[in-house]
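A.B. asks: this is a predicted model, with the sequence first.
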Amino acid sequence: MAEMHLTAAAPSLLDVATERLGRWLAGRTTRRSFLSFLGKLGVFVASGPIIATLLAEAAGARVCGQTGVSVKCATFDCDAVWGWCWYANGCCADGGLKKICDCCELNFPNVHGYCPTSTNVKCIVESCRTDPRVQAVPTLRWLVDDPVEITHRMANEGFGFVGDVVVLADVETPVGSTVAAPLAAAYGGPLLFVPRGGLQQVTAAVLDRLQPLRVVVCGPALPGQLDTDLRARGFEVERVGTSSSIGPFSEEVAAAIRQRTGTTRSVAIEASGISAVAAPVIAGYAAATGSPLLVGIHAARRAPAGVVLAGPELADVRAAVPGSHATQASDVAGLSIELANLLVYFNIVPHPRVAFAPEGTNAARALAAVGPGIGFMHPHGHLGPARSWLADRADGRWTPRAGAVLGGGGQLSNASVWELQSALNGFDVHRLRGVSGQGLPVLSQPTDERGIGDARVGPLSSTDEPEVPLYWAGRALDG
């Protein structure tokens, strides 16, 4: 709706008194009562019955930024005077956190809104995870459990390696498919999980869009018909790994990686237990470090020196692999944190992609395709140990490239997604407390965060208790 312009006039004593009263009350009431009472009474007296009627009808929309009275600003900038900013959830279609600011101008003929003295609302600055200064790190949500669909979406949206070679792996062999992740990293291209059989239309569509110079088919269970279908579409095809036994198969893939990169490092897991469940996360770590993923103690013993034994199953037999290093965590979530610490501490991936999936789900298998990046498996419904890990890094010094939330079953709650968004972007959303207003929770904005992009109140330790500021308390501007 076009912005309404009113005829400017010198304020009367009643105007001034009403404005001061409104500001005094705004600092001592909730936004709900401020909107429903002052929005209909104070603004009515100050600006006339037309504006009062419009505000009464649009009070619910005001929570999300738009009123029908003031237009949305053309950019994410306010070229005049910044007013108050606030956050709201439930306003973005994808569940993202929305930041809203009043942009004000001296004596502008519009409602006063949340503007400094003598200024009124010119337009409203809004951002649903799109302002590059507020949420420069996007957080994607793929609420599906099919690892085939997730890896294809990753490739389509550039969430993973982007190169001239695409690696296809058999989705029906959970541990075997993760072995292909470091191979994709060695080629610098995306990893797609595919079902057994000929070339599926969904995979063909991705390949036609990416137009790789070569397609590498990894694993003996993928039939020759797949190679035939690929060549028929004009793709060069290469086969890696023919053994039907998982240990020797992992060594064949490792040999192909070493021939291509010359690396002597390795990461090893067991085919069962904690390390097998965490295999997608471990495979992502191996890919980030340029290491092949070996399966079983025998493959680990035949590897060159410098093997990381991942998971408690292999840690118990560390002595059998000279020159190896073993992880310490005894559970999947802890193993995710331990490997993430290594990647960040040694700055192995300066700007990683970070993905989260519920432990033990099919969606978690797609974490192997996050490259170069960091994968986390979390308990169902919440971040678990990853919450503290993220909070300790929400200081602006850690700069991930993008985040993703995977999985329909056991998915993260909206509150956890908001925490994730804030941590990846370097601000502390959980310090903002919601108050019910017009049917939508609204998160209050600390006073020193008025400038858009200044969405943090200082470094936050995982042991800090969240602040609980009074909603709009002390927010009234002195006249």
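C.D. replies: Yep, it's here. Numbers count the residues shown, from 1 in each chain.
A.B. asks: how is this protein carved up into domains?
C.D. replies: Structural domains assigned to the chain are 1-131+431-479, 144-410, following automatic domain parsing.
A.B. asks: remind me, longest helix of the protein?
C.D. replies: Longest among the helix segments of the chain by residue count, using DSSP state H, is helix 246-261.
A.B. asks: pLDDT of that one, averaged?
C.D. replies: Helix 246-261 shows a mean pLDDT of 97 in the predicted model.
A.B. asks: after that helix comes which helix or strand?
C.D. replies: Proceeding C-terminally, helix 246-261 gives way to strand 266-269 as the next helix or strand, assigned by DSSP states H and E.
A.B. asks: packing partners of that following strand?
C.D. replies: Strand 266-269 sits against helix 279-289, strand 293-295, helix 297-301, strand 307-309, helix 312-315, with contacts defined as 3 or more C-beta pairs under 8 Å, 6 or more residues apart in numbering; DSSP states H and E. To be clear about C-beta, it is placed using only N, CA and C from the backbone, and glycine gets the same treatment.
A.B. asks: so which of those gets nearest residue 403?
C.D. replies: Between residue 403 and the helices and strands packed on strand 266-269, the shortest gap by C-beta to C-beta is with helix 279-289, which sits at 14.0 Å.
A.B. asks: quick one: the longest helix of the chain to helix 279-289, angle?
C.D. replies: For helix 246-261 against helix 279-289, the angle between stretch directions is 20 degrees (axes from the mean of the first three to the mean of the last three C-alpha atoms, to 10 degrees).
A.B. asks: how about helix 246-261: buried residues?
C.D. replies: Neighbour counts over helix 246-261 (16 or more other C-beta atoms under 10 Å) mark 246-254, 256-258, 261 as buried.
A.B. asks: closest one of those to residue 222?
C.D. replies: Closest approach to residue 222 among those (C-beta to C-beta): residue 249, at 12.3 Å.
A.B. asks: TSV please, covering the helices and strands packed on strand 266-269 and showing mean pLDDT.
C.D. replies: Conversion of the helices and strands packed on strand 266-269 to TSV gives the following (pLDDT from 0 to 100):
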stretch	mean pLDDT
helix 279-289	96
strand 293-295	98
helix 297-301	96
strand 307-309	96
helix 312-315	92
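A.B. asks: can I get those in CSV including distance to residue 342 and mean neighbour count?
C.D. replies: Below are those laid out as CSV (distance: least, C-beta to C-beta, whole Å; neighbours: other C-beta atoms under 10 Å):
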stretch, distance to residue 342, mean neighbour count
helix 279-289, 7, 29
strand 293-295, 15, 28
helix 297-301, 18, 19
strand 307-309, 9, 25
helix 312-315, 15, 20
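A.B. asks: which one, of these, ends up nearest to residue 351?
C.D. replies: It is, among the helices and strands packed on strand 266-269 and with distance given as C-beta to C-beta, helix 279-289, at 11.8 Å.
A.B. asks: lowest-confidence helix or strand of the protein?
C.D. replies: Ranking every helix and strand in the chain by mean pLDDT, DSSP states H and E puts helix 42-47 at the bottom, with a mean of 30.
A.B. asks: output stretch 296-303 as PDB, restricted to C-alpha atoms.
C.D. replies: Listed in PDB are the C-alpha atoms of stretch 296-303, where the atom choice follows Å, rounded to 0.1, in the frame of the first residue of the first chain:
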ATOM      1  CA  GLY A 296      38.200 -51.600   9.800                       C
ATOM      2  CA  ILE A 297      41.300 -52.200  11.900                       C
ATOM      3  CA  HIS A 298      43.000 -54.200   9.100                       C
ATOM      4  CA  ALA A 299      42.700 -51.400   6.600                       C
ATOM      5  CA  ALA A 300      44.000 -49.000   9.200                       C
ATOM      6  CA  ARG A 301      47.000 -51.200  10.000                       C
ATOM      7  CA  ARG A 302      48.000 -51.300   6.300                       C
ATOM      8  CA  ALA A 303      47.700 -47.500   5.900                       C
END
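A.B. asks: which residues sit against it?
C.D. replies: Stretch 296-303 is contacted from outside by 246-248, 250-251, 254, 266, 268, 270-271, 294, 307, 309, 314, 317, 320-321, 324, using C-beta atoms under 8 Å, 6 or more residues apart in numbering.
A.B. asks: one more pass at 7 Å, please.
C.D. replies: 247, 250-251, 266, 268, 270-271, 294, 307, 309, 314, 317, 320-321 (C-beta atoms under 7 Å, 6 or more residues apart in numbering).
A.B. asks: just to revisit the earlier point, what's next to the longest helix of the chain, contact-wise?
C.D. replies: When contacts are defined by C-beta under 7 Å, 6+ apart, helix 246-261 is touched by residues 175-176, 179-180, 182-183, 186, 218, 240-243, 263, 266, 271, 290, 292-296, 298-299, 302.
A.B. asks: next: stretch 266-282.
C.D. replies: Under the criterion C-beta under 7 Å, 6+ apart, residues 175, 178, 246, 254, 285-286, 291-296, 299-300, 303-304, 306-314, 331-332, 335-336, 339, 360, 364-365, 367-368, 375, 377 lie in contact with stretch 266-282.
A.B. asks: report the buried residues of it.
C.D. replies: By neighbour count on 16+ other C-beta under 10 Å, the buried set for stretch 266-282 is 266-271, 274-282.
A.B. asks: next, give me the two most distant ones among those residues.
C.D. replies: Of all pairs drawn from the buried residues of stretch 266-282, the widest gap by C-beta to C-beta lies between 266 and 277 and measures 20.1 Å.
A.B. asks: quick one on the thing from earlier: between the helices and strands packed on strand 266-269, which one is closest to residue 389.
C.D. replies: Closest approach to residue 389 among those is made by helix 279-289 (13.2 Å; C-beta to C-beta).
A.B. asks: what's the burial count for residue 202?
C.D. replies: Residues near residue 202, counting by other C-beta atoms under 10 Å, number 14.
A.B. asks: circling back: and which of the buried residues of stretch 266-282 is nearest to residue 343?
C.D. replies: Of the buried residues of stretch 266-282, the one sitting nearest to residue 343 (C-beta to C-beta) turns out to be residue 281, at 10.9 Å.
A.B. asks: excluding chain neighbours, what is closest to the closest one?
C.D. replies: Taking C-beta to C-beta, 6 or more residues apart in numbering as the measure, residue 281 lies nearest to residue 375, with 4.4 Å between them; neighbours along the chain are not counted.
A.B. asks: so what's the one you found bridging to?
C.D. replies: The residues listed as beta-bridge partners of residue 375 by DSSP bridges are residue 355.
A.B. asks: who touches it in this structure?
C.D. replies: Neighbouring residues of residue 375 by C-beta under 7 Å, 6+ apart: 280, 281, 284, 336, 355, 367.
A.B. asks: same question for residue 103.
C.D. replies: When contacts are counted by C-beta under 7 Å, 6+ apart, residue 103 is found next to 73, 78, 80, 82, 83, 122, 123, 124, 125.
A.B. asks: if we use 8 Å, what do you get?
C.D. replies: Contact criterion C-beta under 8 Å, 6+ apart gives 73, 78, 79, 80, 81, 82, 83, 121, 122, 123, 124, 125 as the residues in contact with residue 103.
A.B. asks: so what's the residue count around the closest residue in space to residue 91 that isn't next to it in sequence?
C.D. replies: With C-beta to C-beta, 6+ apart as the measure, residue 64 is the residue that lies nearest to residue 91, at 3.8 Å, once sequence neighbours are left out. The burial metric for residue 64, expressed as a neighbour count using other C-beta under 10 Å, is 20.
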